[in-house]
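# Dropping a prediction and its sequence here:
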Amino acid sequence: MLDSHQPIRAINVSTVKLSEVQLTEMIRQGLKSLAAFCKLYDDGHVHICFSMATEVSRILISNSTAVRLRGDRKFATPKSDARPSNLSVEMKLLALNIGGQPPVAKFVPSLDNPLGHEELVFRDWWNRDVIFRASAAAPGTPPGMVPLDPEKQIPYEKRKRLVRREFVELMRNKLGAHLDEEIPELLDALQRSESFGVDVEWRVPTGVVSIGAGTLPVVVGPAAAMMRKISQELIDAYTDLAN
């Protein structure tokens, strides 16, 4: 019987260095897994987005082979007309779809961005391209209610923002590879429709339903759709390895 007061001795484990060929094959299999996760997501299993975050990290940043394989690849990002004069939330990876009877709303990845896409090298796509920027309203302000007084607005450069690296790390560390009891407020907000920054109304035969009033349900939140979009961007950049 194990004595709970007895210190547990560390177990010496010998290691074997994996070859470049073995690591490349593991990343190739990771790309196949990510593609399978995307299909599961598209079939309605949206919570697979947390596993997507773990797989994206493994493919891109897990070891020197991952660094070599991403090399000079180009990663597509939606073009944006964002500018400092914009007071609303900026979420360049998303669109909002409404449909069904009764109607429901769901956030979807912006795969067909009307402004088109541009290609970035990895460091810009991963570390610099802003995929979320909060509105000029102070935290707790109702969606769509941005103060008209400039002195009460949060300056553009001081609003909360995320790049892909930060977002994927949050998804992986808090809800993917681990399941923490507490998560950052921003990640919690990005799982709810309020983070989109606007209320949406939809006319039905019996009147008007809206997200804000809770009469237009949101079945897929922003964070899941953002992770689906990032996964697709990665897969598209690695077509030579994925096939």
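That came through fine.
# contacting residues around stretch 148-166?
84, 86-87, 125-138, 146-147, 170, 186, 230 (C-beta atoms under 8 Å, 6 or more residues apart in numbering). The way it works is simple: take the backbone N, C-alpha and C, and place the C-beta from them, glycine included.
# One more: stretch 114-127?
For stretch 114-127, using C-beta under 8 Å, 6+ apart, the contacting residues are 60, 70, 72-81, 129, 163-165, 233.
# quick check, distance from that stretch to the centre of its chain.
Here the centre of stretch 114-127 is set off from its chain's centre by 15 Å, with C-alpha atoms, centre = their mean, to the nearest Å.
# Only C-alpha atoms, please: export it in PDB.
The C-alpha coordinates for stretch 114-127 follow below in PDB (Å, rounded to 0.1, in the frame of the first residue of the first chain):
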ATOM      1  CA  PRO A 114     -16.100  40.500 -50.200                       C
ATOM      2  CA  LEU A 115     -12.900  42.600 -50.000                       C
ATOM      3  CA  GLY A 116     -10.800  39.500 -51.000                       C
ATOM      4  CA  HIS A 117      -7.700  38.100 -49.300                       C
ATOM      5  CA  GLU A 118      -4.000  39.100 -49.100                       C
ATOM      6  CA  GLU A 119      -1.000  36.800 -48.400                       C
ATOM      7  CA  LEU A 120       1.300  37.300 -45.500                       C
ATOM      8  CA  VAL A 121       4.500  35.700 -44.400                       C
ATOM      9  CA  PHE A 122       4.200  33.700 -41.200                       C
ATOM     10  CA  ARG A 123       5.500  36.200 -38.700                       C
ATOM     11  CA  ASP A 124       3.000  38.900 -39.900                       C
ATOM     12  CA  TRP A 125       0.100  36.500 -40.100                       C
ATOM     13  CA  TRP A 126       0.800  35.000 -36.700                       C
ATOM     14  CA  ASN A 127       2.100  37.900 -34.600                       C
END
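# Same question for that stretch: list its buried residues.
By 16 or more other C-beta atoms under 10 Å, the buried positions in stretch 114-127 come out as His117, Leu120, Phe122, Trp125, Trp126.
# The last one: which element?
Same thing as Trp126. helix 122-127 (DSSP states H and E).
# What are the buried residues along the very next helix or strand once past that helix?
Using DSSP H and E, the helix or strand that follows helix 122-127 in sequence is strand 130-133. For strand 130-133, the buried set under the neighbour-count rule, 16+ other C-beta under 10 Å, comprises Ile131, Phe132, Arg133.
# Can you tell me what sits against strand 130-133?
82, 89-93, 156, 159-164, 167, 190, 226, 230.
# Quick check: mean pLDDT of it?
Strand 130-133 shows a mean pLDDT of 92 in the predicted model.
# Equivalent analysis for stretch 29-38, please.
96.
# Secondary structure class of Ile98, three-state.
Following DSSP: H, G, I helix; E, B strand; the rest coil, Ile98 is assigned to strand.
# Need the pLDDT of it.
Per-residue pLDDT puts Ile98 at 84.
# just the one 4 residues further on next, same as before
Among the per-residue scores, Pro102 holds a pLDDT of 84.
# Does it touch Thr206 like I think?
No - using C-beta atoms under 8 Å, Pro102 is not in contact with Thr206, being 9.5 Å away.
# ok, those two, which is more surrounded?
For Pro102 versus Thr206, neighbours defined as other C-beta atoms under 10 Å are more numerous around Pro102 (11 against 7).
# Now do the contacts for that one.
Contacts of Pro102 by C-beta under 8 Å, 6+ apart are Val204, Val209.
# that's a helix at it, yeah?
No - read with three-state DSSP, Pro102 is coil and lies in no helix.
# That's all I had, so thanks and see you.
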